[in-house]
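take this sequence and fold it.
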Amino acid sequence: MTSARHPEHGVENLCPAGTQLYERALRQGQVNRPDADTAPCLLDHGLLQPAVEDPDRLEPVAPAVALHRLLRMSAERIADERRREERLETVLGPLMRLDGSGTATTDAPALTVLDDKDRINTAITEALADATDELLTIQPSSNRDRRLTDEAEAIAVARDQALLDRGGRIRALYQHTHRYNPYATSRYEQLNGDAEARTLDEVTDRLIVIDRQVAFIPANADRTTALEVRHPALLTHFVTVFDRLWHLATPMYPEAVQQPSLNGITPRQHAIASLLIEGHTDAVIAHRLGMNIRTARVHIAKLAATLGSESRAQLGYLIGQSGILRQEGTAE
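Numbering: from 1, shown residues only. Got it, this is the predicted structure:
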């Protein structure tokens, strides 16, 4: 019963009980068989063997003899694995030429699920380590977002700077609310190279594209799972979407451009007006524009005061009558 409960392990991971009993056997020249009940691994691995004259006594096998035997067994296993590899190559090698892709599939898969944040960060870091061309990122604002720790921020800056030092380029898209973040441009100010940032009222969900060879996108709502994308058609689509948003965005770094106000209506209020006439609630508007609901309501109140509205229903009507959304569309 005791032997059955002994944990299985290899001889290279000899358990404490086995180590102690083997040392005692070497010092004394033998141990009683019942003593081995606490460490049956010694018999299993051939470190103890029954005495010829008395099977109830166990004698230790000399460590040098045991080591030689175990190394020989290991070498034989390695040789068997190599022969197995050769047989696999002989069988499957010719079949790879019949594969519809026309290549031996040694490339990374088109889609890979990364199921925790550590795996996500590791995959991004490894992809950036090999990058030489360009990093494209879309970073939507979120009430869950927090500034990175000093250590994490330093790692991120060093990672970005390494790409810039190799002659790469960085382009990042944020929401307009990012302009009012005290850390909005701090990372870029630490970088030396071709790094730019622009902002929009609304952006897509988080996106990272590296050298147009690999992209990372969220795979669930809380961003604890991601997809690593290497499919050429999807990468082309991501880059096209990014470029179109980039041309619509307002520069933030290295030189910030202020958004113009029209007839007393700020760009922020223009964006809110557009969502209001679509019938969205304050909570949805705040989420879409990357602000908290209290800030959204302050902007709505200011917009209502500017247009002379006394109710939510009247505000929607006055927005439509004022023509401010048409003005917004021609303000570029």
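
which parts of the stretch 51-200 of the chain are helices?
Applying DSSP state H, counting those that start in this stretch to the stretch 51-200 of the chain gives helices spanning 63-96, 117-129, 150-165, 186-190.

okay if I get those as a markdown table plus mean pLDDT and distance to residue 178?
For the C-beta atoms, the positions are set from N, CA and C on the backbone; glycine is no exception. Formatted as a markdown table, these follow (pLDDT from 0 to 100; distance: least, Cβ to Cβ, whole Å):
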| stretch | mean pLDDT | distance to residue 178 |
| --- | --- | --- |
| helix 63-96 | 83 | 48 |
| helix 117-129 | 91 | 20 |
| helix 150-165 | 84 | 16 |
| helix 186-190 | 82 | 12 |
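
nearest to residue 226, out of the ones you listed?
helix 117-129 (4.7 Å; Cβ to Cβ).

what's in contact with that closest one?
Defining contact as Cβ atoms under 8 Å, 6 or more residues apart in numbering, one finds that helix 117-129 is touched by 112, 114, 135, 159-160, 162-163, 208, 210-211, 213-214, 216, 224-226, 228.

export the helices of the stretch 51-200 of the chain to a markdown table and tack on distance to residue 278 and mean neighbour count?
Shown next, in a markdown table, are the helices of the stretch 51-200 of the chain (distance: least, Cβ to Cβ, whole Å; neighbours: other Cβ atoms under 10 Å):
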| stretch | distance to residue 278 | mean neighbour count |
| --- | --- | --- |
| helix 63-96 | 54 | 11 |
| helix 117-129 | 33 | 15 |
| helix 150-165 | 36 | 14 |
| helix 186-190 | 34 | 15 |
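
out of the ones you listed, which gets nearest to residue 248?
For residue 248, the closest of the helices of the stretch 51-200 of the chain is helix 186-190, at 20.3 Å, according to Cβ to Cβ.

dump the closest one to PDB, keeping only the CA atoms.
Taking Å, rounded to 0.1, in the frame of the first residue of the first chain, the C-alpha atoms of helix 186-190 are listed here in PDB:
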ATOM      1  CA  SER A 186       5.100  61.300 -22.100                       C
ATOM      2  CA  ARG A 187       6.100  58.000 -23.800                       C
ATOM      3  CA  TYR A 188       6.600  59.800 -27.200                       C
ATOM      4  CA  GLU A 189       8.700  62.500 -25.600                       C
ATOM      5  CA  GLN A 190      11.100  59.800 -24.400                       C
END
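
what's that helix packed up against?
Packed against helix 186-190 by the contact rule (3 or more Cβ pairs under 8 Å, 6 or more residues apart in numbering; DSSP states H and E) you find helix 150-165.

the helix it packs on to helix 117-129, inter-axis angle?
Calculated by axes from the mean of the first three to the mean of the last three Cα atoms, to 10 degrees, helix 150-165 forms an angle of 30 degrees with helix 117-129.
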